[in-house]
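Engineer: Sequence and predicted model, in that order:
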Amino acid sequence: MQLTIENTSAYCYTGGKPYNPGQPTAVFIHGAQNDHSVWALQTRYFAHHGWNVLAVDLPGHGRSGGAAKDSVEELAQWLLAVLDAAGAAKAMLIGHSMGSLIALEAAFQAPERVSHLVMLGSTYPMKVSPALLQTSLQDEQAAIDMVNIWSHSSFAQKPSFPGPGFYAMGGARRLKQRIAAINPQHVFYTDFYACNAYANGEIAAASVHCPTLFIFGARDMMTPLKSTKLLTSTIAHGQVVQVDSGHELMAEQPDAVLDTLISFAARA
């Protein structure tokens with residue numbers, strides 16, 4: 001689905017299904033230097049099991065035009081504009097890493113628009129080391145390699161994303177390289193800057209009253225479990241699920257993530 005947001009093209013993957021106003025809507029929000037494709041298994045299943053799917057490419061990422069935004073607050077406003085353009089009055093927001101902060105801020109800005117909140121690989125504050133920020137600005141390929149290594153728990157994940165013969169770690173590296181190639185305006189640095197600068201997370205979390213789910217990787221080095229306590233204690237009603245993975249949960253444990261999402265959506 002191609003929309004026009006702020007006079008610029010915005011792409012949403014729908015899982016191959018047209019939007020049906022009689023169905024609930026799930027919005028999937030990717031993390032830094034990624035696009036909608038990181039949700040390949042989860043979005044396809046939702047779309048074919050009674051849900052509208054809007055898996056966005058954030059501005060300056062994938063098939064969406066414009067410049068990457070350096071503010072989580074602005075990205076949340078953009079996301080709410082996507083809901084307006086698609087005709088979705090209310091949706092379940094599912095965000096990974098940077099995308100989880102965008103989902104959280106959108107729930108703060110427009111709580112009446114959010115039916116459920118799901119945060120994967122999340123933490124707050126989501127601080128980025130000065131060294132990584134500088135590397136992402138001066139040597140993007142080095143930053144891609146560093147983050148790719150830190151985001152996976154192993155060099156050899158089970159061959160299930162999205163099927164035999166695929167290499168999760170290699171695929172993640174190529175996707176980040178592709179984002180850099182199609183938009184050379186320091187997208188990785190801009191994304192990291194937005195995460196690092198976001199300061200409204202605790203206030204936003206305290207405002208959340210909708211059903212909430214956290215999915216964490218037990219071996220996540222980017223947003224380690226010990227860093228998640230502020231979020232989980234502030235949203236005390238949130239359900240917490242751990243999967244055996246690093247930061248790239250949807251690729252390393254696609255079935256476990258999907259099963260958790262479907263179970264949560266059915267109960268809440």
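Structural biologist: Perfect, I can see it now.
Engineer: use CA for all of it now, contacts and neighbours both
Structural biologist: Fine.
Engineer: Is H247 in contact with L225, as I believe?
Structural biologist: No - H247 lies out of contact with L225 (Cα atoms under 8 Å); the separation is 10.6 Å.
Engineer: So for those two, which residue has more residues nearby?
Structural biologist: H247 (28 against 17; other Cα atoms under 10 Å).
Engineer: ok, now which ones touch V82?
Structural biologist: Applying Cα atoms under 8 Å, 6 or more residues apart in numbering to V82 gives the contacts L3, I5, A10.
Engineer: How about the contacts made by the last one?
Structural biologist: With contacts taken as Cα under 8 Å, 6+ apart, A10 has the following neighbours: Q2, L3, T4, V56, D57, L58, P59, R63, S64, G65, V82.
Engineer: tell me which element the last one is part of?
Structural biologist: Translated: V82. For V82, the enclosing helix or strand under DSSP states H and E is helix 72-86.
Engineer: that older thread, shared neighbours of H247 and L225, which are they?
Structural biologist: Shared contacts of H247 and L225, defined by Cα under 8 Å, 6+ apart, are found at F216, G217.
Engineer: T232: what's it in contact with?
Structural biologist: Taking Cα under 8 Å, 6+ apart, we find T232 in contact with F214, G238, V240.
Engineer: same check, this time on D259
Structural biologist: Applying Cα under 8 Å, 6+ apart to D259 gives no contacts.
Engineer: Quick check: it vs R219, distance?
Structural biologist: Here the criterion is Cα to Cα, to the nearest Å. By it, D259 lies 19 Å from R219.
Engineer: Skipping its backbone neighbours, what lies nearest L54 in space?
Structural biologist: Leaving out its chain neighbours, the residue that sits closest to L54 by Cα to Cα, 6 or more residues apart in numbering is V27, at 4.7 Å.
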